[in-house]
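predicted model and sequence follow; I will ask about them next.
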Amino acid sequence: MNLEQLKTLSNLKFQKSEQTMATIRQREQVLRAELARLRSLVLDTQAQHPEHSSIRAIGADVIWLKWIGQAQQQLTTELAQVLAKKEFYLPQHRRAHGKKLVAAQLAEDAAKQDKQRLQDDVIQSAIDHSLLE
C-alpha cells in the first residue's frame, strides 16, 4: 500500500468516525433541548396565574407535573446513555483524526522527497550533459 492509498483510507475512516460523532452530538442536542423545554413547562406550571385556579382545584397541575417529571427522568436516562456512548467513541475518533493527520504528513513528506529527487536528477542530468559536450 502506498502513502496516497494510506492517506485515502485514513481519511475515509475519519469521515466515518466523524459521521458517528455527529449523529451522537445531534441526539445529545435534541435531548438537551427537550429537557430545557420540559424545565420551562415546569416553571410555567408553577407560576400559573389565578385564572387557572380550576386546574389546581381538580389536581390537574399535580398530574401534569408528575408526567413532566417522568418524561424528564426518561430523557435524562437517555441523555446519560448518549453521553456514555460519546465517551466510548471519543478516543476512537481522536485516533482516527491522528491517523489521518499522520498519513497526510507522510504523503506530503514523500511528495517533497520525490520532487527533490526529480530536481536532483534534472540537475545531475544537466551536469552530465554539459560535461559530455
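That came through, no problem. None of the values given here were measured: they were computed from a predicted structure.

just to check, A104 is in contact with K7?
Yes - contact criterion CB atoms under 8 Å: A104 and K7 qualify, at 5.6 Å. For the C-beta atoms, the positions are set from N, CA and C on the backbone; glycine is no exception.

so the two - more neighbours on which side?
K7 (20 against 15; other CB atoms under 10 Å).

ok, that one to D114 distance?
14 Å (CB to CB, to the nearest Å).

now L35: which helix or strand?
helix 3-46 (DSSP states H and E).

got it, and K99?
With DSSP H and E as the criterion, the answer for K99 is helix 60-132.

how about low-confidence regions in this protein?
Along the chain, segments meeting pLDDT under 70 span 1, 48-58, 133.

neighbours of the closest residue to R27 other than its chain neighbours, just the number please.
Of all residues not flanking R27 in the chain, V82 sits nearest, at 5.2 Å (CB to CB, 6 or more residues apart in numbering). Neighbour count for V82, taken as other CB under 10 Å: 20.

quick one: contacts for the residue positioned nearest the centre of the chain?
Centroid-nearest residue in the chain: M21, 3.5 Å away (criterion: CA atoms, centre = their mean). Residues near M21 by CB atoms under 8 Å, 6 or more residues apart in numbering: K86, Y89, L90, H93.

and those, which are buried?
Taking 16 or more other CB atoms under 10 Å as the criterion, what is buried in those is K86, Y89, H93.

Serialize these to JSON lines and add fields for distance to L41.
Listed next are the buried ones among the contacts of M21 as JSON lines, based on distance: CB to CB, whole Å:
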{"residue": "K86", "distance to L41": "27"}
{"residue": "Y89", "distance to L41": "32"}
{"residue": "H93", "distance to L41": "35"}
